[in-house]
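Asker: following is a predicted model, sequence given first.
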Amino acid sequence: MSITGRPQDHRSFPASLAGDSDLAGGFPPGFLWGAATSAYQIEGAVREDGRAPSIWDRFVARPGAILQGQTGEVAADHYHRMEEDVALMALLNLRAYRFSISWPRVLPQGTGPVNERGLAFYERLVDTLLARGIEPLATLYHWDLPAALEDRGGWLVRDTAQAFADYAGVVARRLGDRVRWWITHNEPWCSTYLGYALGIHAPGLHDKQLAIHAGHHILLSHGLATQCLRSLLPRETQVGIALDFYPVYAADERPETLAAVQEADVFRNRWFLDPLFRAEYPEALFRALDVTPPTLQANDLAVIATPLDFLGVNYYSRMLVRGASPESAAASSRKPSYEVIERVPEASYTDMGWEIFPEGLEAILTRLHREYAPKALLVTENGAAFEDHWHGGTSVHDWQRLHYLQLHIEALSRALSQQVPLKGYMVWSLLDNFEWALSYSKRFGLVYVDYSTQRRIIKDSGLWYASFIAAQRR
Ligand code: FCB
């Protein structure tokens, strides 16, 4: 095992960045401090032990789809290094680990026969985590639909929703006695809009109308899976979903801009939130996108709004918008009717080009609590890509990521002081990994991965996080 850097190294940081900073107090005992990953981004071993392809295995094979034609075939080789990676989590003092289960590893054809070896991998992972006192949080869908289901229509057909609930049942029967936290879907907005409308994620389609249908079936699959999990799992089990949020801000005070804020919010935040918590789609969504609503069957919205134990919040940045002037709006029928401001003077950006805006995390958490009142909230992803440099030694100095984490943890503490029922925080990500269309060019890890040797090196941000967690009350 090649783990370098030890948590006590934090003593070489400036005092304000060490674990005994002001941040140490104020978090409830039992708060879940963790990190997150997803199957296709870290596992590799795409053809091993009976796993069948997912839509991502197909998508990465398309010329031009992925930066430099890279794939997740090897990724961070986690499938073969699971024990080593859990040992790293223990060194980082993680109390929780959010991972995703690859549907085509468990059910290669999406439905039907269970692949015992696939399921056994996740069982070993869960047992290894528990043996180290790390709480497992399992995500059932982080974008890797079995290709066999895509051949039968994928998320564009209703049957896939039932297939997902059946898959949830298979996993729950095996792991439900040990996994207490379940997340049905990760970021349905991305699987839907990036996959079906913008074509930059699998399955790579370019049709907004199809995105609406896919999104509806994904929501339905969530509701059906939630009901299935509830029927199988012990009462104290926590079932939720992870949505990606971009709080929307106005670039000026013009009425067109204030209207644009509402429009962008419906599109980016409320599309999935409202059906889940209010059993309705936001009225303006379909008009703004210039599409027709999905075909609803009698109980769909009630199923989708099956009560949840928690809402997972993935937060990276905000959206700043400016409304089109009435003249230019009239002159063009183009949607949306606003401009997203990509560069804010004096703001800092991550390597993804995302503005660093920790206030947005506080804002979204307090807003969700106020307007949607989920029983509990969990930050299921937050983190930053920066260009890291490893010089072959035992350290990676990523002070920008470290600072990013501190600012966002401070935002959590402000949200907590406003009575937000926040239960945990997962850094994206444990390891550098396959960042979808941008492949390995973006590094998000607390741990650096040297892809040519698969050596892992804990970055300064990881050392800081370890000492910060250690300073918390249990
Ligand atoms: C989120 C995804 C995650 C990762 C981060 C950077 O949208 O859920 O897999 O790619 O962004």
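Answerer: Alright, I've got the coordinates.
Asker: spell out which parts of this protein neighbour the ligand.
Answerer: Residues of the chain found near the ligand (Cβ under 6 Å from any ligand atom) are Ser38, Gln41, Asn186, Glu187, Cys190, Asp244, Asn314, Glu381, Trp428, Glu435, Trp436, Phe444. All C-beta atoms are positioned from the backbone trio N, CA, C, and that covers glycine.
Asker: if you set the cut-off to 5 Å instead, what comes out?
Answerer: Contact residues, the chain versus the ligand (Cβ under 5 Å from any ligand atom): Ser38, Glu187.
Asker: what about the residue of the chain most remote from its centre, which SS state?
Answerer: Distance from the centre of the chain peaks at Glu327, with 39.1 Å (Cα atoms, centre = their mean). Under the three-state scheme (DSSP: H, G, I helix; E, B strand; the rest coil), the conformation of Glu327 reads as helix.
Asker: report the buried residues of the longest helix along the chain.
Answerer: What stands out as the longest helix in the chain, according to DSSP state H, is helix 208-232. Of all the residues in helix 208-232, those buried under the rule 16 or more other Cβ atoms under 10 Å are 208, 210-226, 228-230.
Asker: how about the helices in the stretch 201-350 of the chain?
Answerer: Counting by DSSP state H, counting those that start in this stretch, residue ranges of the helices within the stretch 201-350 of the chain are 208-232, 255-265, 271-278, 284-289, 300-304, 326-331.
Asker: and the fourth one, what does it pack against?
Answerer: When you say that, I think you mean helix 284-289. Here helix 284-289 touches helix 208-232, helix 255-265, going by 3 or more Cβ pairs under 8 Å, 6 or more residues apart in numbering; DSSP states H and E.
Asker: angle of the shortest one against helix 271-278?
Answerer: Orientation check (axes from the mean of the first three to the mean of the last three Cα atoms, to 10 degrees): helix 255-265 against helix 271-278 gives 70 degrees.
Asker: please point out which parts of helix 255-265 sit buried.
Answerer: Along helix 255-265, the positions that meet the burial threshold by neighbour count (16+ other Cβ under 10 Å) are Glu256, Thr257, Ala259, Ala260, Val261, Gln262, Glu263, Ala264, Asp265.
Asker: same check, this time on stretch 276-288
Answerer: The neighbour-count check on stretch 276-288 (16+ other Cβ under 10 Å) flags Leu276, Phe277, Tyr281, Pro282, Leu285, Phe286, Ala288 as buried.
Asker: hmm, the fourth one is touching Arg270, no?
Answerer: Yes: Pro282 is within contact range of Arg270, at 4.5 Å (criterion: Cβ atoms under 8 Å).
Asker: if we can go back for a sec, need the buried residues of helix 255-265 in JSON lines (columns: pLDDT).
Answerer: Converted to JSON lines, those look like this (pLDDT from 0 to 100):
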{"residue": "Glu256", "pLDDT": "95"}
{"residue": "Thr257", "pLDDT": "97"}
{"residue": "Ala259", "pLDDT": "95"}
{"residue": "Ala260", "pLDDT": "96"}
{"residue": "Val261", "pLDDT": "98"}
{"residue": "Gln262", "pLDDT": "97"}
{"residue": "Glu263", "pLDDT": "97"}
{"residue": "Ala264", "pLDDT": "97"}
{"residue": "Asp265", "pLDDT": "98"}
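Asker: export these to JSON lines and tack on distance to Ala471?
Answerer: Converted to JSON lines, the buried residues of helix 255-265 look like this (distance: Cβ to Cβ, whole Å):
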{"residue": "Glu256", "distance to Ala471": "48"}
{"residue": "Thr257", "distance to Ala471": "43"}
{"residue": "Ala259", "distance to Ala471": "46"}
{"residue": "Ala260", "distance to Ala471": "43"}
{"residue": "Val261", "distance to Ala471": "39"}
{"residue": "Gln262", "distance to Ala471": "42"}
{"residue": "Glu263", "distance to Ala471": "44"}
{"residue": "Ala264", "distance to Ala471": "39"}
{"residue": "Asp265", "distance to Ala471": "37"}
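Asker: spatially nearest residue to Leu365 (excluding sequence neighbours)?
Answerer: Excluding its sequence neighbours, the residue lying closest to Leu365 (Cβ to Cβ, 6 or more residues apart in numbering) is Ala415, at 4.0 Å.
Asker: before we move on, what about Ser54?
Answerer: The shortest distance from Ser54 to any non-neighbouring residue, by Cβ to Cβ, 6+ apart, is to Asp144 (3.7 Å).
Asker: could you give the number of residues near that neighbour?
Answerer: The number of residues packed around Asp144, counting by other Cβ atoms under 10 Å, is 26.
Asker: separation between it and Val60?
Answerer: Taking Cβ to Cβ, to the nearest Å as the measure, Asp144 falls 11 Å from Val60.
Asker: repeat for Ile183
Answerer: Shown here: Ile183 relative to Val60, a distance of 24 Å by Cβ to Cβ.
Asker: ok, now His222?
Answerer: The span separating His222 from Val60 equals 26 Å under the rule Cβ to Cβ.
Asker: which residues of the stretch 301-450 of the chain fall in strands?
Answerer: Taking DSSP state E, counting those that start in this stretch to define them, one finds strands in the stretch 301-450 of the chain at 310-315, 319-323, 338-340, 377-382, 422-428, 447-450.
Asker: strands paired with the third one, and their directions?
Answerer: For strand 338-340, the paired strands and their directions (DSSP bridges) read strand 319-323 (antiparallel).
Asker: what residues does the partner strand touch?
Answerer: Applying Cβ atoms under 8 Å, 6 or more residues apart in numbering, the external contacts of strand 319-323 come out as 246-252, 254-261, 264, 268, 329, 337-341, 344, 355.
Asker: dump that strand to PDB, keeping only the CA atoms.
Answerer: The C-alpha coordinates for strand 319-323 follow below in PDB (Å, rounded to 0.1, in the frame of the first residue of the first chain):
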ATOM      1  CA  MET A 319     -25.800  31.100 -11.200                       C
ATOM      2  CA  LEU A 320     -25.700  34.800 -11.900                       C
ATOM      3  CA  VAL A 321     -28.200  35.900 -14.600                       C
ATOM      4  CA  ARG A 322     -29.100  39.100 -16.500                       C
ATOM      5  CA  GLY A 323     -32.500  39.400 -18.200                       C
END
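Asker: what average pLDDT does that strand get?
Answerer: Averaged across strand 319-323, pLDDT comes to 97.
Asker: same thing with stretch 404-412?
Answerer: Rounded to a whole number, the mean pLDDT of stretch 404-412 is 98.
Asker: using PDB, write out every CA atom in it.
Answerer: Taking Å, rounded to 0.1, in the frame of the first residue of the first chain, the C-alpha atoms of stretch 404-412 are listed here in PDB:
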ATOM      1  CA  TYR A 404     -12.500  26.200  -0.500                       C
ATOM      2  CA  LEU A 405     -13.400  23.500   2.000                       C
ATOM      3  CA  GLN A 406     -12.900  25.800   5.000                       C
ATOM      4  CA  LEU A 407     -15.100  28.500   3.400                       C
ATOM      5  CA  HIS A 408     -17.900  26.000   2.700                       C
ATOM      6  CA  ILE A 409     -17.700  24.300   6.100                       C
ATOM      7  CA  GLU A 410     -18.100  27.800   7.600                       C
ATOM      8  CA  ALA A 411     -21.200  28.200   5.500                       C
ATOM      9  CA  LEU A 412     -22.600  24.900   7.000                       C
END
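Asker: ok, and what's touching it?
Answerer: 17, 21, 23, 27, 315, 350, 356, 358-359, 361-362, 365, 379, 382-384, 422, 425, 427, 461, 464-465, 468.
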